[in-house]
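A.B. asks: Take a look and give me a structure for this.
(2 chains)
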Amino acid sequence: GAVVSQHPSWVICKSGTSVKIECRSLDFQATTMFWYRQFPKQSLMLMATSNEGSKATYEQGVEKDKFLINHASLTLSTLTVTSAHPEDSSFYICSADQGLAGPDTQYFGPGTRLTVL
Amino acid sequence: QKEVEQNSGPLSVPEGAIASLNCTYSDRGSQSFFWYRQYSGKSPELIMSIYSNGDKEDGRFTAQLNKASQYVSLLIRDSQPSDSATYLCAVSGGGTSYGKLTFGQGTILTVHP
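C.D. replies: Take a look at the predicted model:
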């Protein structure tokens, strides 16, 4: 149980284009999902909390108009990087709380590696 | 500002030895504590969670929590080369940060044959 998938696993795009990343909970429903970003040799930084049926909550310093999050169902959250630029190249990882393990236990998707040329 | 501190290492231990990883946190309101393992190029994998003071054992792994000292550790017994990875300490607090994880910078562990 507690499987989280992401698609695509990697993407290369040109500067100025938009990229959509999907995060799915495969065997459980997730009211809340989280989006992280990880730069090389750095730790995970929380970008936003995605809430099913409501607006996402963004961390300080994260541009909500650039990183659009939609949590349309209990098993799917999407992150759209709009007008991507080379500095947006990073490893994007989502997570979800299955709700059956201990409090705040998050299970991570495999991640999406974004390269912006 | 909530902080989680780890020694970045690298920590190198011989195969079969005990690896000891340490983590301190600044928010006294923190309630949940986690250790994740991350292989290079992969996403984090949950190893252990601990919520109350003391020790928690799961196979070769033991997590230790001391809330008074704001300290959490992970012991890996009988270390194997496959344990070589970056170990991330994560903390979740109460209040407005409920449910959110704050990660340390990670400790690189190398287990050599």
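A.B. asks: all strands of the chain, in order?
C.D. replies: By default, I'm working from chain A. Assigned by DSSP state E, chain A shows strands spanning A:4-7, A:10-13, A:19-25, A:32-38, A:45-51, A:57-58, A:67-73, A:76-81, A:90-97, A:106-108, A:112-116.
A.B. asks: my question was about chain B
C.D. replies: For chain B, the strands defined by DSSP E occupy B:4-6, B:11-14, B:19-25, B:30-38, B:45-50, B:54-58, B:61-66, B:71-76, B:85-93, B:101-103, B:107-112.
A.B. asks: okay but A:Tyr36 is in contact with A:Ser43, surely?
C.D. replies: No: counting by CB atoms under 8 Å, A:Tyr36 does not reach A:Ser43; the two are 9.3 Å apart. The way it works is simple: take the backbone N, C-alpha and C, and place the C-beta from them, glycine included.
A.B. asks: Neighbour count: those two, which is higher?
C.D. replies: A:Tyr36 (25 against 21; other CB atoms under 10 Å in any protein chain shown).
A.B. asks: in the sheet, who's paired with that one?
C.D. replies: A:Tyr36 forms beta bridges with A:Leu46, A:Ile93, as assigned by DSSP bridges.
A.B. asks: show me the contacts for it.
C.D. replies: If you count contacts by CB atoms under 8 Å, 6 or more residues apart in numbering or on different chains, A:Tyr36 has them with A:44-47, A:92-95.
A.B. asks: Spell out which residues of chain B are next to chain A.
C.D. replies: B:31-32, B:34, B:36, B:42-46, B:49, B:51, B:88, B:92, B:98-106 (CB under 8 Å from any CB of the partner chain).
A.B. asks: 10 Å instead, please
C.D. replies: B:1, B:4, B:6, B:8, B:30-34, B:36, B:38, B:41-46, B:49-51, B:86, B:88-94, B:96-106, B:108 (CB under 10 Å from any CB of the partner chain).
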